[in-house]
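> coordinates for the following, if possible.
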Amino acid sequence: MSVFTHVDFDQHEQVVSRFDKLKRNYESVVAMA
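Okay, the predicted model is just below:
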């Protein structure tokens, strides 16, 4: 079991949300195509 510091967790959340935005943009582009 790994222990995350608060900063690591925040960075992880930012990466996940950024990836989620990219995925949504990609899906909307595919839907328009």
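> where does this structure dip in pLDDT?
Flagging of the chain using pLDDT under 70 yields the residue ranges 1-7.
> center of it - which residue?
For the chain, residue 16 is the residue whose C-alpha lies nearest the centre (CA atoms, centre = their mean; 2.2 Å).
> and that residue, how far from residue 32?
Distance, residue 16 to residue 32, by CB to CB, to the nearest Å: 25 Å. The C-beta positions use only the backbone N, C-alpha and C, and glycine is treated the same way.
> SS state for residue 26?
The three-state label given to residue 26 by DSSP: H, G, I helix; E, B strand; the rest coil is helix.
> and residue 8, how many neighbours?
Other residues near residue 8 come to 11 when the count uses other CB atoms under 10 Å.
> got the buried residues for the helix or strand encompassing residue 16?
Counting by DSSP states H and E, the element that carries residue 16 is helix 6-32. With burial defined by 16 or more other CB atoms under 10 Å, not one residue of helix 6-32 is counted as buried.
> residue contacts, residue 29?
Listed by CB atoms under 8 Å, 6 or more residues apart in numbering, the contact set of residue 29 is empty.
> can you tell me how far it is from residue 18?
Where residue 18 is concerned, residue 29 sits at a distance of 17 Å (CB to CB).
> and what of residue 25?
Distance from residue 25 to residue 18, by CB to CB: 11 Å.
> for stretch 22-32, the distance to its chain's centre please.
Distance, stretch centre to chain centre, for stretch 22-32: 14 Å (CA atoms, centre = their mean, to the nearest Å).
> no wait, stretch 18-29
9 Å.
> how about stretch 16-31?
From the chain centre to the centre of stretch 16-31 is a distance of 9 Å (CA atoms, centre = their mean).
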